[in-house]
Structure formats: structure tokens, C-alpha cells
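[1] dropping the sequence and predicted coords here.
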Amino acid sequence: MSWKGIIEQYRSYLPVTEQTPIVSLHEGNTPLIQSHWLSELVGNGAEVYLKYEGMNPTGSFKDRGMTMAISKAVEAKSVAVLCASTGNTSAAASAYAARAGLTSIVLIPNGNIALGKLSQALIHGAKVAPVEANFDTCLELAKEIADKYPITLVNSINPHRIEGQKTCAFEISDTLGDAPDFNLTPVGNAGNITAQWKGYCEYHSAGKTTLLPRMLGFQAAGAAPLVHGKPVLNPETIATAIRIGNPASWDQAIQARDDSNGLIDAVTDDEILAAYQQLATRDGVFVEPASAASVAGLLKYAQRDYFAKPLADKGRLRIVCIVTGHGLKDPERAIKSIELPDRIQPSVESIHQAINLAG
Ligand code: F0G
């Protein structure tokens, strides 16, 4: 049977009825790929998987939430949607709004969103407002606008977004046959960790899984309000997707952390970039920098032997790192991370000289 998107797949777990017009780009069903080197690194038979959310239609996990938010907006007869975004939400909102024939308005922090994401909003016909402010201010403005005008806010404070995004946990559990022992995820505005935890809890209550994972969230060190326990006024990180100082789902993220006996910690930009490059060169998985925060977190905690005791206790451990967005979102970062090759004259000899074709 062909995949019809997360709403059709998980309809009974979602707040939709026969009357809800489903706006879908067949999102979800993303690959869960075992990482052999990361599995070996944790050792003793541990299995580490990457949930490659960059394989969604607009290149990030946001599509799961947006199919729900836009479907419900159409059901409510809304004609325009609005979001503040570090880029991926705006890409998803503008694509799904285009499909539904809605106007989309996106507020983005000027100069701080990756090129691929900006191009998506523009080509899908969104009304783009590059605001001279960071994401947190953009979100405050978006909330104010949604209060004053007949426009539906599709940031993750819209509960339909969380509903859609929880399906990531369903898919992981369906593929593994149970929930994983650990779920590692990047954290920005904190909607996704909230949604994943909700998904695991619901599947567990429904008897679909026997265990609940420990939720490990990772923020960028320069944008780690949940780690410091207070908002960061001027968040800074190369991982622009998670350059957020005052997450909207603060309390829910803390609850997911505590209820799951997990943690939320910070990883530095250098650690993020190292994980970003290693995923590309060792797994063949190209993600955007923010996505690599989960893997940077895994590397940090593997080094501390954090997984050794649970592994010894259980004899088996399954760890899932959510990699949230595609690497092609931010080609500039990839180009900056490697040394560009020199131009070569068109002869086999000069190519051989430059590259050493004999290996
Ligand atoms: N990874 C990527 C690639 C993201 O784009 C985001 C958030 C996150 C992780 C963090 O998820 O906010 O639910 O904790 N991007 C939002 C946006 C803020 O506007 O695209 P979160």
C-alpha cells in the first residue's frame, strides 16, 4: 500500500474527523538508519539509529506538524497562516499553505536563516518579512499579530503541530517493534521534544510498546536557556535553526526530561560541526548543523560512559538520534566546512596530479 502521509497512517491517534480536509505531501515514513560507527562507539552490542527527518517533503520534521496545522486551519475556514521561524517552519508552512491555497506569512530573523530555507519560503509564494530581530522577538510579534488579525498561527504553540510531530515516535516504535531505550534530539523552541515524548507516552498507553525511552535533548551552547534555567537574551550559534533564547514549550520540555528520567544539555558549535561532518563522511547522511546536535550529544555522553550501566543492566540497548533537517538546507555551511578544490585543466594528467587517481 502506498504511503499517504502521517494523518492517514495514524488517524486514530490524531484530532481529525471525516470532515477534516487533509492537506498532505505524504510526509513521514522517513528512514531509520543504523549508524555502524556510532553503534561500535557505544559498544557492547548497542545499536544506534538515525531517524533521518531531512527526508520529509520540505526537508525537515516540521512537515509532520504542518500537515496537521494546515489541515485544521482549512477545516476552521482560515484563509491565512502565519509563523515566526528560524527557517524550517517557514519552509513547511509556505509549502503546505500553497497546497491548500492559503496565504502564508513568515517572520524570519533577518540574516540568520539558511539560504535553502529562505529560497523555499520565497518560491512557495509566502509573504516573507525579514525582521531586524532574533527568533524570540519574531515569535512575540507573530503572537501579537495572530491576536489582532484573522490569521492562524502555525508555530508549535498551535497544539495541532505537536499532534502531528508526535508521529515521529510512532514510526520509530513501529520500525523497531518497541520504543528505543534512549531518544536523542536537538532542542530549539522545544516543540519537538515535547511532541516526541507525547508520542511515546501515547503509544505506551495504547499497549503498542513495552517501554518508554529516556529523552535526551541537546541545545547549542550559545543558545541553551533550558540548560541554564533562564532565557538567553542574545542567543548565538552557527546552528541557526536552534538559535533560540526563550523556547515556547519550556515547561513541556522540562517535563519530558524529568518524566523520562532524561536530561537536557548543551553542545558547543565545534562539537556540532564535528558531528555534522562525521555524519556526512562516515554515514553518508547529510544533515543541517542543528540536526547534528543530537549526534554531538551522543558522542559527548558516550565518551562519559553514560550508556555503559544501562547497557550492562539490560544486555542490549537501542538508541535513536533524531536528525531533524536536510543538509541541503544550508549549502553555505557545507562549503565553509571543507577546503574547496582548485580548478583543473581538462586533461587526465592534470586531474591525476591534483587527485592521485592511483589511490
Ligand atoms: N532541528 C531543526 C533542523 C530545526 O529547524 C529546529 C527548529 C529544531 C531542530 C528544534 O526543534 O524548535 O521543536 O525544539 N526550528 C524552528 C523553525 C524553530 O522555525 O524552523 P524545536
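    Received the coordinates, thanks.
[2] which residues of the chain lie near the ligand?
    Within the chain, the positions adjacent to the ligand are 60, 62, 85-89, 156, 186-192, 241-242, 288, 290-291, 324-325 by Cβ under 6 Å from any ligand atom. The way it works is simple: take the backbone N, C-alpha and C, and place the C-beta from them, glycine included.
[3] now, of those, which are buried?
    Taking 16 or more other Cβ atoms under 10 Å as the criterion, what is buried in those is 60, 62, 85-89, 156, 186-192, 241-242, 288, 290-291, 324-325.
[4] among the residues you listed, name the ones in strands.
    By the criterion of DSSP state E, membership of those in strands covers P186.
[5] can you flag which of the buried ones among the residues of the chain next to the ligand belong to helices?
    Counting by DSSP state H, these place 62, 88-89, 191-192 in helices.
[6] how about TSV for these, with distance to Q255 added?
    Converted to TSV, these look like this (distance: Cβ to Cβ, whole Å):
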residue	distance to Q255
K62	22
N88	24
T89	22
G191	13
N192	14
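[7] take those residues and lay them out in a markdown table including pLDDT.
    Compiled in a markdown table, these are given as follows (pLDDT from 0 to 100):
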| residue | pLDDT |
| --- | --- |
| K62 | 98 |
| N88 | 98 |
| T89 | 98 |
| G191 | 98 |
| N192 | 98 |
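[8] the spatially closest residue to I264 that is not a sequence neighbour in helix, strand or coil?
    The spatially closest residue to I264, leaving aside those adjacent along the chain, is G217, at 4.1 Å (Cβ to Cβ, 6 or more residues apart in numbering). Classification of G217 using DSSP: H, G, I helix; E, B strand; the rest coil returns strand.
[9] relative to I108, how far out is G217?
    The gap separating G217 from I108 is 24 Å, by Cβ to Cβ, to the nearest Å.
[10] with neighbour numbers in mind, choose between the two.
    Higher neighbour count among G217 and I108: G217, with 30 against 25, using other Cβ atoms under 10 Å.
[11] so what's the more buried one up against?
    184-187, 190, 193, 226, 253, 256-257, 262-265 (Cβ atoms under 8 Å, 6 or more residues apart in numbering).
[12] cutoff 10 Å now
    By Cβ atoms under 10 Å, 6 or more residues apart in numbering, the residues touching G217 are 183-188, 190, 192-194, 196-197, 226-227, 253-254, 256-257, 262-266, 293-294, 297.
[13] now do T167
    5-7, 9-10, 13-14, 27-29, 61, 64-65, 67-68, 174, 195-196, 199, 203.
[14] let's see which of the residues you listed end up in helices.
    6-7, 9, 64-65, 67-68, 174, 195-196, 199, 203.
[15] need the pLDDT of the residue nearest the centre of the chain.
    By Cα atoms, centre = their mean, the chain has its centre lying nearest to T324, at 2.8 Å. At T324, the predicted lDDT confidence score is 98.
[16] how about it: what's its closest non-neighbour residue?
    Nearest residue to T324 in three dimensions, chain neighbours excluded: S291, at 4.4 Å (Cβ to Cβ, 6+ apart).
[17] my read: the one you found touches L279, true?
    Yes - assessed by Cβ atoms under 10 Å, S291 is found in contact with L279 at 8.3 Å.
[18] now the common contact residues for the two.
    In contact with both S291 and L279: 50, 52, 285, 321, 323, 327, using Cβ under 10 Å, 6+ apart.
[19] next one: the closest residue to the last one other than its chain neighbours relative to P331, how far apart?
    Of all residues beyond its chain neighbours, the one nearest G327 is F286 (3.2 Å), with distances taken as Cβ to Cβ, 6+ apart. In this structure, F286 lies at 10 Å from P331, with Cβ to Cβ as the measure.
[20] what about the strands in the stretch 1-150 of the chain?
    Remark: strands assigned in the stretch 1-150 of the chain by DSSP state E, counting those that start in this stretch are 32-34, 47-52, 80-84, 103-109, 127-131.
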